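Undergrad: I would like to see how this sequence folds:
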Amino acid sequence: MAESFKDKVALITGSSQGIGAVIAEVFAAEGCLVYVNCAHGVAKATAVVEKIRAAGGAAELLVCDISSEEEIATRVREIKPVDILINNARLNPYARRPEDAEGAWFEQLLKVNLVGQYLMTLALLEGMKERRWGRIVNVSSIQAHVAVPRRMMPYAAAKAGLNALTRCLAIEAAPYNVTVNTVSPGMVVTENITKNLTPEEIEQRNQRIPLGRGATTLEIAEVVLNTAKVSYMTGEIVNVNGGLWLTP
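TA: Numbering: from 1, shown residues only. The predicted structure is shown next:
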């Protein structure tokens, strides 16, 4: 039987929009008090909190830049003990500006997409160990497993690093009844997909996917929830890509 998350406290990083916002809604529907996190998009994150509350759920806003160790330490002391951590926050790999140098962009992306996930996990893991219960799910990407064009290499490297962290942290946390897993989506149809890809690029990708389409945000959110609920699984990478891996 799947675990009940009623009255658990869940922190969803990067949940002001996209997959993160829907993950927050799904966990709130399970009875969790959800912390909706953002670094900058306060208005959007507030809207997510209000939507959850309007549906009868419990949610609070947590403004915290996960790439800042000092800010994490301050904010974590201000909130309730967290039982469930979903490391979803990321810096959009398509957000690079023309003036960003190669090394500076790589470091910036790693700082948010990998180091930030590590720091947030460390900040919450000791409390989970003390309570001898915790669930951590990292949100990675299919691009951690495949060769990508140069502009996507920093993002792919960060996500591959996140997969490695999952395996290592799973061993450390297992004796304390804390599981650490990864959900690795393929293409997901978010509100920003048309900002990152042209209609032609989206169609080309759809044609490569055996199921013929990208995932919805709700489909990914439900996989994240189900992954967190499997108490006997840890250190695993759950791939959700519409069968893309089956293609030659």
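Undergrad: can you give me the helices for the protein?
TA: With helices called from DSSP state H, the chain shows them at 18-29, 42-54, 69-78, 102-110, 116-131, 153-173, 193-196, 199-208, 217-229.
Undergrad: and stretch 42-61, how far out from the chain's middle?
TA: 18 Å (C-alpha atoms, centre = their mean, to the nearest Å).
Undergrad: report the buried residues of that stretch.
TA: 45-46, 48-49, 51-52, 57, 59-61 (16 or more other C-beta atoms under 10 Å). C-beta coordinates here come from the backbone N, C-alpha and C atoms, glycine included.
Undergrad: which other residues reach it?
TA: Here stretch 42-61 makes contact (C-beta atoms under 8 Å, 6 or more residues apart in numbering) with 15-17, 21, 24-25, 28-29, 32-38, 63, 79.
Undergrad: the same query, at a cut-off of 10 Å, please.
TA: 7, 9-12, 14-18, 20-22, 24-39, 41, 62-63, 79-80 (C-beta atoms under 10 Å, 6 or more residues apart in numbering).
Undergrad: biggest strand in the chain, by residue count?
TA: Assignment by DSSP state E gives strand 178-185 as the longest strand of the chain.
Undergrad: got the angle for that one vs helix 18-29?
TA: 140 degrees (axes from the mean of the first three to the mean of the last three C-alpha atoms, to 10 degrees).
Undergrad: one step back: out of the buried residues of stretch 42-61, which comes closest to residue 161?
TA: residue 45 (26.0 Å; C-beta to C-beta).
Undergrad: now do the closest one, the pLDDT please.
TA: With respect to pLDDT, residue 45 scores 98.
Undergrad: that one and residue 16, how far apart?
TA: Computed as C-beta to C-beta, to the nearest Å, the residue 45 to residue 16 distance reads 4 Å.
Undergrad: overlap of the contact sets of these two?
TA: Joint contacts of residue 45 and residue 16 (C-beta under 10 Å, 6+ apart) are 24, 36-39, 61, 63.
Undergrad: list buried residues within the contacts of stretch 42-61.
TA: For these, buried by 16+ other C-beta under 10 Å: 9-12, 14-18, 20-22, 24-30, 32-39, 41, 62-63.
Undergrad: any idea how far residue 135 is from the residue nearest in space to the middle of the chain?
TA: Centroid-nearest residue in the chain, with C-alpha atoms, centre = their mean: residue 88, separated by 1.7 Å. Shown here: residue 88 relative to residue 135, a distance of 14 Å by C-beta to C-beta.
Undergrad: noted, bye for now.
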